[in-house]
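1. Here is a sequence with its predicted model. Questions after.
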There are 2 protein chains.
Amino acid sequence: MTYRLPSLNTLRAFEAAARHLSFKTAAQELGVTPGAVSQQVKKLEASLGIDLFRRLPHGLLLTEAGETYLPRITQLFEDLTEATEEIAPKLNAKKFTVGLCTRAKAALPARWPNGGDDLSAHVREVIQTSNVDLVRTGEIDCLIQLGGGPYGDLTVAALAKPGGTPLTFVCKPALAECRQSKAILESLQAHVPRSTKAEGL
Amino acid sequence: MTYRLPSLNTLRAFEAAARHLSFKTAAQELGVTPGAVSQQVKKLEASLGIDLFRRLPHGLLLTEAGETYLPRITQLFEDLTEATEEIAPKLNAKKFTVGLCTRAKAALPARWPNGGDDLSAHVREVIQTSNVDLVRTGEIDCLIQLGGGPYGDLTVAALAKPGGTPLTFVCKPALAECRQSKAILESLQAHVPRSTKAEGL
DNA sequence: TTGGAAGGATGAGAAATTCTGAGTCTCCCC
DNA sequence: GGGGAGACTCAGAATTTCTCATCCTTCCAA
């Protein structure tokens, strides 16, 4: 029995676009251009023979079919993530290589990321740099700097520092929600006033 | 969010290979070469960082991780099929694997099912065989042969060929009315005289 | 012991798919 | 009317995937 399923990768484009109701934002999350998302979604719609989105002049709306499909596809990806982590816990255990610029380093406790917080489970190495391109190349997983951004293709979380440039955390969109990012952000928040905001997501 | 999921298409190769415990058979089901399946599975294993199969001298065995993964991935594809059929009921998600016996092949145009009729939307693969048991096991969805039948448990449509053994189309009753069967029968009828009849239904 | 068959691995090149980048269009808002 | 946003299109580039040919190991039979 061979099933003619939709090309699985087009489902990723659909799922992200439907969640954001925007090809552009979905593209940022997926790390591709909006054109690519548009083409993938179009391909999915063609293979299903139905429309999933209503293209409005300013933005998107899901069709009835799209509304029905989205939660099931989202669930699918969650199941896959769960099943995958179950057999390959290493994936989640990946430790971050962190870029830290000189001024951000000065704004943090001397021995950060060691010391009070235990980030050893999430951070493999800290490199002194302020080059955001290293995030793009993957040489570092995130960059902590003072100010900077927004970068269209990267996710930025800014930790407001009253009366000064905010400390910012930059990473690829795909890494924004992972536990490593969360742990690092949490640690950073413990050392600067609260009130964070995310841009470019 | 979708942090480093395995490339979704490699999961197809894994799922088929694990079900058959054979790259070769999986390749037949997927309509590609064994080398392609081997490469896809290897890629999946590399991306997960663990082995899913134990390669034995004569065949495959799942590792413990593979055993755990398989039912969850199979379930995933079933869920996807179900969700997809729900929103696109017109789409019968399955492409047929067709069995064609040598003599029936000779009675059809040389390039059938390609050529004039476009059966590519309904036929995944054509296998040369005259073994009706493959229909029962589901390894093929229908069998086209000269004569044969009736088979109590299978549906047979015979396309009369004046002065010769009729060309017959054999499938499970459940598949007799689906669009794939209809499209194939229609194509067959275009190449032999009319007057069909169904038995065993 | 040898030869053949079966199944998987491998690697180069071909084929197919997917992505990018530039340009276009429509609509909204000022 | 003009500028901005977001989606679409298309050609070509980049990447991925597949095929094809070949190799390797093991099993089995003579």
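-> On my side now, so go ahead.
2. In chain A, what residue comes closest to DNA strand C?
-> Of all residues in chain A, A:Pro57 sits closest to DNA strand C, at 2.6 Å by CB to the nearest atom of the strand. (Glycine included, C-beta is placed from N, CA and C.)
3. and the next element down the chain from the helix or strand hosting A:Val41?
-> Element membership for A:Val41, per DSSP states H and E: helix A:34-48. Of the helices and strands lying after helix A:34-48 in sequence (DSSP H and E), the nearest is strand A:53-56.
4. residues in contact with that following strand?
-> A:17-18, A:41, A:45, A:60-63, A:66 (CB atoms under 8 Å, 6 or more residues apart in numbering or on different chains).
5. Who wins on neighbours among these?
-> For the contacts of strand A:53-56, the largest number of neighbours (other CB atoms under 10 Å in any protein chain shown) sits with A:Ala17, at 29 neighbours.
6. leaving aside the residues next to it on the chain, what's closest to that one?
-> Once flanking residues are discounted, A:Ala17 sits nearest to A:Ala26: 4.0 Å by CB to CB, 6 or more residues apart in numbering or on different chains.
7. Okay, strands next: where are they in chain A?
-> A:2-3, A:53-56, A:59-62, A:96-100, A:123-128, A:142-146, A:155-159, A:167-171, A:196-199 (DSSP state E).
8. Any chance of a markdown table for those strands, columns distance to DNA strand D?
-> Shown next, in a markdown table, are the strands of chain A (distance: least, CB to the nearest atom of the strand, whole Å):
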| stretch | distance to DNA strand D |
| --- | --- |
| strand A:2-3 | 13 |
| strand A:53-56 | 4 |
| strand A:59-62 | 5 |
| strand A:96-100 | 21 |
| strand A:123-128 | 24 |
| strand A:142-146 | 22 |
| strand A:155-159 | 16 |
| strand A:167-171 | 20 |
| strand A:196-199 | 13 |
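9. Okay, the residue of chain A closest to DNA strand C and A:Phe23: tell me how far apart.
-> Separation of A:Pro57 from A:Phe23 (CB to CB, to the nearest Å): 14 Å.
10. between those two, which one's more packed in?
-> A:Phe23 (24 against 4).
11. Who are the contact partners of the more buried one?
-> A:17, A:34, A:37-38, A:41, A:60.
12. what do you get if the cut-off is 6 Å, keeping everything else the same?
-> A:17, A:34, A:37-38 (CB atoms under 6 Å, 6 or more residues apart in numbering or on different chains).
13. so how far is the helix holding A:Val41 off the chain centroid?
-> Centre-to-centre, helix A:34-48 and its host chain are 21 Å apart (CA atoms, centre = their mean, to the nearest Å).
14. What residues does chain A have near DNA strand C?
-> Residues of chain A found near DNA strand C, taking CB under 7 Å from any atom of the strand as the criterion, are A:7, A:9-10, A:13, A:27, A:31-33, A:35-36, A:39-40, A:43, A:57-58.
15. Send me stretch A:42-54 as CSV with only the CA atoms.
-> Provided in CSV are the C-alpha atoms of stretch A:42-54 (Å, rounded to 0.1, in the frame of the first residue of the first chain):
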residue,chain,number,x,y,z
LYS,A,42,1.3,26.7,-3.3
LYS,A,43,2.7,23.3,-4.0
LEU,A,44,0.8,21.8,-1.1
GLU,A,45,-2.4,23.4,-2.1
ALA,A,46,-2.0,22.1,-5.6
SER,A,47,-1.2,18.5,-4.4
LEU,A,48,-4.3,18.6,-2.2
GLY,A,49,-6.5,20.2,-4.8
ILE,A,50,-7.8,22.7,-2.4
ASP,A,51,-6.9,26.2,-1.1
LEU,A,52,-5.6,26.4,2.5
PHE,A,53,-5.2,30.2,2.6
ARG,A,54,-7.2,33.1,1.5
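16. which of the residues in stretch A:106-122 are buried?
-> Within stretch A:106-122, the residues scored as buried using 16 or more other CB atoms under 10 Å in any protein chain shown are A:107-108, A:112-113, A:117, A:119, A:122.
17. Distance of A:Arg103 relative to A:Cys142?
-> A:Arg103 is 16 Å from A:Cys142, by CB to CB.
18. between those two, which one's more packed in?
-> When A:Arg103 is set against A:Cys142 and neighbours are counted by other CB under 10 Å, the residue ahead is A:Cys142, at 25 against 13.
19. quick check, the longest helix along chain A touching DNA strand D?
-> When chain A is parsed with DSSP state H, its longest helix is helix A:64-87. No: if you take CB under 7 Å from any atom of the strand as the test, helix A:64-87 misses DNA strand D, and the best it gets is 12.6 Å.
20. what does that helix contact?
-> A:11, A:15, A:18, A:50, A:52-53, A:92, B:65, B:68-69, B:72, B:76, B:79-80, B:83, B:87.
21. Give me the buried entries from these.
-> A:11, A:15, A:18, A:50, A:52-53, B:65, B:69, B:72, B:76, B:80, B:83, B:87.
22. Nearest to B:Val98 among those residues?
-> B:Leu80 (24.3 Å; CB to CB).
23. Please report how far that closest one lies from A:Leu154.
-> Taken as CB to CB, the span from B:Leu80 to A:Leu154 is 31 Å.
24. distance of the closest residue to A:Arg124 other than its chain neighbours from A:Ala18?
-> Counting by CB to CB, 6+ apart, A:Arg124 lies nearest to A:Lys95, which is 3.6 Å off, once chain neighbours are set aside. Distance, A:Lys95 to A:Ala18, by CB to CB: 33 Å.
25. Same check on A:Lys182?
-> Relative to A:Ala18, and taking CB to CB, A:Lys182 is found at 24 Å.
26. One more: A:Ile144?
-> 32 Å.
27. returning to that earlier point: can you give me the angle the longest helix of chain A makes with helix B:34-48?
-> 70 degrees (axes from the mean of the first three to the mean of the last three CA atoms, to 10 degrees).
28. count of neighbours near the residue of chain A at minimum distance from chain B?
-> Nearest residue of chain A to chain B: A:Leu8, at 3.4 Å (CB to the nearest CB). By the criterion of other CB under 10 Å, A:Leu8 has 18 neighbours.
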